[in-house]
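Peer 1: attaching a predicted model along with its sequence, questions to come.
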Amino acid sequence: MVDVDTRASTNDGLAAAKETLEDYTLRFAPRSYRKWSPAVVGISALGGIAYLADFAIGANIGIAHGTGNALLGIGIFAIVVMLTGFPLAYYAARYNIDLDLITRGSGFGYKGSIITNIVFASFTFIFFALEGSIMAQGLELGLGIPLWLGYLASTLIIFPLVIYGMNTLAKLQVWTTPLWLLLMVLPFAFLVIRHPESVDAFWAYGGENGSGVSISGTLLAAGVCLSLIAQIAEQIDYLRFMPPKTPENARRWWGWMLLAGPGWVLFGAIKQVVGLFLAVYLIANLDAAQGIANQPVHQFLEIYKDMVPGWLAMTLAVVLVVISQIKINVTNAYSGSLAWTNSYTRVTKTYLGRLIFLAVNLIIALVLMEANMFGFLNNILGFYANCGIAWIVTVATDIAINKYVLKISPKVPEFRRGMLYDYNPVGLVGFGLSAALSIMTFFGLFGELLKPYSPLVAVVVAFVATPLTAMATKGKYYLRRGDDGIELPLFDEHGNPSGETLPCVVTGMEFERPDMIASAVPGPEGEIQYISSLALSTDKAGIHLLPRQH
């Protein structure tokens with residue numbers, strides 16, 4: 001008689017396998033699917049940073065703290081993101097796994113990374129709501145659509161675009177990028193050439209308090225910008241589809257991995273500076289700028305009006321807002337659905353389907369928009385930054401320090417259930433201490449004087465606590481097993497994940513070697529059977545789980 005849990009696990013494994021043939025929600029992205037060139041993957045990843053939120057963030061921190069503090073804060077943000085983003089992007093592109101799978105083997109454990117998945121899912125719906133709010137502002141200004149209806153429209157338009165995963169998203173990002181770049185760059189270039197005096201006004205702008213450059217002002221500005229540190233996870237959702245690195249494509253592979261991985265922050269920083277530049281211009285030259293100088297749709301509309309007739313200016317502003325919102329929010333929705341699905345499946349060992357969590361993510365974002373989150377943007381982003389920094393710095397530190405310097409953490413990333421312990425104190429302590437202490441600092445529990453330093457607290461605590469915990473535990477909680485029971489090599493002659501396939505005993509489907517592990521259940525004649533990491537994640541009875549090795 002077949003056990004109920006075993007039958008349910010088999011059904012869930014089959015359902016998950018069929019759906020993830022397109023988007024690989026829960027697992028390694030196989031070589032057979034990765035047919036895009038490094039350039040197509042890179043452009044698709046960079047398409048996800050088309051958001052207009054950077055313009056609003058740059059304007060907000062500049063208006064609050066002045067140009068000098070804003071620029072220094074943006075510089076700190078760019079340096080931190082570059083340093084932490086590089087090891088994460090490299091592991092994703094090299095081993096074809098997303099940031100959740102990287103996090104599992106980089107200090108958190110199979111179930112421990114669920115908490116960071118929730119942090120990331122929060123990032124996606126917060127920024128979906130922010131971009132949706134900007135789009136609704138554009139629709140209200142250009143077409144007279146009420147804000148509440150604009151929020152709904154900006155949410156519903158995304159759902160059908162995200163259903164089909166990477167194939168659709170890659171085409172959308174590549175096709176829309178040239179027009180987006182043109183609409184974005186021309187107004188700024190026109191403003192600098194037509195109104196050169198705006199440059200001097202920009203450098204002289206002191207913000208609302210006009211107190212000049214200060215450490216506190218700089219760090220407060222950096223804290224808001226660093227809320228974007230989790231953007232690397234969305235870049236990775238594309239970078240995991242990079243083709244194998246070979247001697248023939250190595251230069252292109254490295255170039256696009258660097259540009260589309262940690263390099264995204266260069267574009268983000270430029271947009272923040274431009275957002276502040278446009279805001280300062282509006283404040284200096286437009287009587288009605290108060291209250292709208294930080295809204296990207298108004299920023300671009302006013303410059304377009306100086307370039308072309310009013311009706312065309314309005315059309316261009318609405319088109320820019322809609323294209324930008326769609327380009328980023330398909331990524332926010334896609335990545336959020338992956339994060340929620342991953343977490344739910346590991347907790348319940350049940351696979352409901354990515355589309356259900358796509359709907360959940362969009363509903364949460366819509367509620368935030370209707371609650372006017374744009375009105376208290378700085379507070380939301382400043383608080384969120386502490387959690388995002390704690391996660392990203394912890395994982396990056398485990399890779400850079402624990403793997404390569406201390407050599408305590410295994411260099412090859414592991415993500416499969418059965419190979420990992422459920423929880424690893426290295427990442428959990430590093431992340432937990434960093435998030436807790438920086439949030440307490442952010443809310444002034446250590447005094448008002450230290451309040452601006454919460455981002456710095458998050459970076460330093462995660463960077464120090466992660467290797468110290470690894471040394472204290474001697475790395476014993478990274479791997480539950482050192483042997484996955486399969487004799488075939490895991491990598492090819494160039495160090496890429498192997499493309500060899502093996503049959504999964506649960507689904508009957510062929511999966512590539514890096515996605516497989518030996519089953520604890522032998523075949524009819526005592527032979528070794530194999531199970532995919534996907535099917536193993538829904539094995540409620542645990543009958544296929546190999547025993548722990550000492």
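Peer 2: Happy to help now that I have it. From a predicted model like this one, the values you see are computed outputs, not experimental measurements.
Peer 1: what about the strands in this structure?
Peer 2: Assignment of strands within the chain using DSSP state E yields the ranges 501-503, 510-512, 516-518, 530-532.
Peer 1: so which of the ones you listed is the most surrounded?
Peer 2: For the strands of the chain, ranked by mean neighbour count under the definition mean count of other CB atoms under 10 Å, the leader is strand 530-532 at a mean of 27. Where C-beta positions appear, they are placed from N, C-alpha and C, glycine not excepted.
Peer 1: helices or strands up against it?
Peer 2: Identification of packing neighbours for strand 530-532 by 3 or more CB pairs under 8 Å, 6 or more residues apart in numbering; DSSP states H and E yields strand 516-518.
Peer 1: relative to Ile303, which of the strands of the chain is closest?
Peer 2: The stretch from the strands of the chain with the least distance to Ile303 (CB to CB) is strand 510-512; that distance is 50.2 Å.
Peer 1: what average pLDDT does the closest one get?
Peer 2: Looking at strand 510-512 alone, the average pLDDT works out to 91.
Peer 1: distance from the chain centre to that strand, please.
Peer 2: A distance of 27 Å separates the C-alpha centroid of strand 510-512 from that of its chain, computed with CA atoms, centre = their mean, to the nearest Å.
Peer 1: what lines up beside that strand in the sheet?
Peer 2: Strand pairing for strand 510-512, using DSSP bridges, gives strand 501-503 (antiparallel).
Peer 1: what's the partner strand in contact with?
Peer 2: Contacts with strand 501-503, where a contact means CB atoms under 8 Å, 6 or more residues apart in numbering, come from 486, 488, 509-513, 516, 530.
Peer 1: which of those lies closest to Leu46?
Peer 2: Using CB to CB, the shortest approach to Leu46 within the contacts of strand 501-503 belongs to Glu512, at 27.4 Å.
Peer 1: check the gap between the nearest residue to Gly217 once chain neighbours are set aside and Glu448 for me.
Peer 2: Closest residue in space to Gly217, ignoring its immediate chain neighbours: Asn69 at 3.6 Å, by CB to CB, 6 or more residues apart in numbering. As for Asn69, its distance to Glu448 is 18 Å (criterion: CB to CB, to the nearest Å).
Peer 1: out of those two, which sits in the busier spot?
Peer 2: More neighbours sit around Asn69 than around the other of Asn69 and Glu448, counting by other CB atoms under 10 Å; the figures are 26 against 8.
Peer 1: poorly predicted segments of the protein, please.
Peer 2: Counting by pLDDT under 70, the chain contains low-confidence ranges at 1-27, 48, 163-174, 287-290, 353, 373-378.
Peer 1: run a quick neighbour tally on Gly444.
Peer 2: A count of nearby residues for Gly444, using other CB under 10 Å, gives 12.
Peer 1: so what's it closest to, chain neighbours aside?
Peer 2: Residue nearest to Gly444 in three dimensions, not counting chain neighbours: Lys451, with 4.9 Å by CB to CB, 6+ apart.
Peer 1: start to end distance for stretch 410-419?
Peer 2: The straight-line separation of the ends of stretch 410-419 (CA to CA, to the nearest Å) is 12 Å.
Peer 1: that older thread, you'd agree the residue nearest to Gly217 is up against Ile215?
Peer 2: No. Between Asn69 and Ile215 there is no contact under CB atoms under 8 Å: 9.2 Å.
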